[in-house]
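Undergrad: quick one: sequence plus predicted model below, questions after.
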Amino acid sequence: MSLRPSVVAEAIGTALLLATVVDSGIMGERLAGGNVAIALLANTLATGAVLVALIATFGPTSGAHFNPLVTLAERALGRCRWRKARLYLAAQVLGAVAGVIAAQLIGALLAVVLFRWAHGPIPDTEARPRDNNSDPMTIRHG
């Protein structure tokens, strides 16, 4: 039996979970207007909803560990072989890193989109050579 589908499911599930945790935390903080309870509630509801969807989607394929401690506990209890545990751990770490990077890229893209929506296009700041002959403030000698 191939472990590939379950390892891929662990990587994708962990990436989506971490991206949700990071982005919902950032957006909850921004939208809460300084109210920590509202920010925490938004983060918790978003993370819980995504976790339910991930477990329903990937649970039948991989067991939906999405956490190295869960995998290590399964191994300690003898429910998971070392080969599978090592592959799951690698997939979870790589998925977590990919999810956090994706969340940061999404946040940066969102910032650019919101800036352009609020302020129009980003101004062109490219340096160009000046034509001193057309500048009225240039003093001409000779």
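TA: Happy to help now that I have it. Numbering: from 1, shown residues only.

Undergrad: next secondary structure element downstream of the host helix or strand of residue 15?
TA: For residue 15, the host element (DSSP states H and E) is helix 4-31. Later in the chain than helix 4-31, the nearest helix or strand by DSSP H and E is helix 36-62.

Undergrad: what's that following helix packed up against?
TA: Using 3 or more CB pairs under 8 Å, 6 or more residues apart in numbering; DSSP states H and E, the elements in contact with helix 36-62 are helix 4-31. All C-beta atoms are positioned from the backbone trio N, CA, C, and that covers glycine.

Undergrad: can you give me the mean pLDDT across the helix it packs on?
TA: The pLDDT scores in helix 4-31 average 94.

Undergrad: what residues sit buried inside it?
TA: 6-7, 9-29 (16 or more other CB atoms under 10 Å).

Undergrad: residue 61 and residue 5, how far apart?
TA: 6 Å (CB to CB, to the nearest Å).

Undergrad: likewise residue 31?
TA: For residue 31, the distance to residue 5 - CB to CB - is 37 Å.

Undergrad: got it, and residue 77?
TA: Distance, residue 77 to residue 5, using CB to CB: 23 Å.

Undergrad: next, name the residue at the spatial heart of this protein.
TA: residue 103 (1.9 Å; CA atoms, centre = their mean).

Undergrad: quick one: what helix or strand has that residue in it?
TA: With DSSP H and E as the criterion, residue 103 is inside helix 82-119.

Undergrad: in terms of secondary structure, what does that helix contact?
TA: Using 3+ CB pairs under 8 Å, 6+ apart: helix 82-119 touches helix 4-31, helix 68-76.

Undergrad: so can I have CSV of those showing distance to residue 97?
TA: CSV is the format used below for these (distance: least, CB to CB, whole Å):
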stretch, distance to residue 97
helix 4-31, 8
helix 68-76, 12
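
Undergrad: with respect to residue 112, which of these lies nearest?
TA: Residue 112 lies closest to helix 4-31 among those, at 14.9 Å (CB to CB).

Undergrad: helices and strands of the chain: which one bottoms out on pLDDT?
TA: helix 82-119 (a mean of 91; mean pLDDT, DSSP states H and E).

Undergrad: give the buried residues for that helix.
TA: Buried-residue list, helix 82-119, by 16+ other CB under 10 Å: 84-85, 87-89, 91-92, 95-96, 98-100, 102-103.
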